[in-house]
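Chemist: Pasted the sequence and its predicted model underneath.
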Amino acid sequence: MIPDHPNWRMGRLTSEERRRIFLAKEQTSGEMLARLRAAPIAAGEGASRPGRRRLLTAALIVMLLGGGLAASQPVELHRPASIVETLMPRVE
């Protein structure tokens, strides 16, 4: 193995040392999981979010439609009567 490689020293460890390292990692990860499971979760937060999200989505849709309606009044769109009129250059 290459001396600069991180696993190079693992080959030099005895099986007992490797086992101690493995058990230490397992214990640490178990403690971290126990802390995550013990973290308190507020009771009311999860229930009101879907309703609040729907309300915000509806408000955003209404604002976009209202803005489009307000902007479309002063803007005049002249749709062509046919495809040929669209493709041909205008001569004025």
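Modeler: Cool, the structure landed. Numbering: from 1, shown residues only.
Chemist: Find the residue at the geometric middle of this protein.
Modeler: R53 (15.7 Å; Cα atoms, centre = their mean).
Chemist: give me the element it is part of.
Modeler: helix 45-72 (DSSP states H and E).
Chemist: tell me how far the next helix or strand after that helix is from the chain's mean position?
Modeler: Using DSSP H and E, the helix or strand that follows helix 45-72 in sequence is helix 83-87. Taking the mean of its C-alpha atoms, helix 83-87 sits 44 Å from the chain's own mean (Cα atoms, centre = their mean, to the nearest Å).
Chemist: now helix 83-87: mean pLDDT?
Modeler: For helix 83-87, the mean pLDDT works out to 79.
Chemist: which outside residues touch the worst-scoring helix or strand of the chain on mean pLDDT?
Modeler: Here the helix or strand of the chain ranked lowest by mean pLDDT, DSSP states H and E is helix 83-87, holding a mean of 79. Here helix 83-87 makes contact (Cβ atoms under 8 Å, 6 or more residues apart in numbering) with P80. Where C-beta positions appear, they are placed from N, C-alpha and C, glycine not excepted.
Chemist: ok, now which ones touch the residue nearest to the centre of the chain?
Modeler: Contacts of R53 (Cβ under 8 Å, 6+ apart): none.
Chemist: okay, it: pLDDT?
Modeler: 87.
Chemist: Can we start the residue count at 15 from this point?
Modeler: Sure, I'll start counting at 15 from here, so that last one is R67.
Chemist: roughly how far apart are it and L78?
Modeler: 17 Å (Cβ to Cβ, to the nearest Å).
Chemist: One more: P103?
Modeler: 35 Å.
Chemist: Could you check which of the two is surrounded by more residues?
Modeler: L78 (10 against 5; other Cβ atoms under 10 Å).
Chemist: so how far is V105 from that one?
Modeler: 39 Å.
Chemist: Quick check: L91 vs A85, distance?
Modeler: L91 is 11 Å from A85, by Cβ to Cβ.
Chemist: quick one: which of these two has more around it?
Modeler: Taking neighbours as other Cβ under 10 Å, L91 and A85 compare with A85 leading, 9 against 5.
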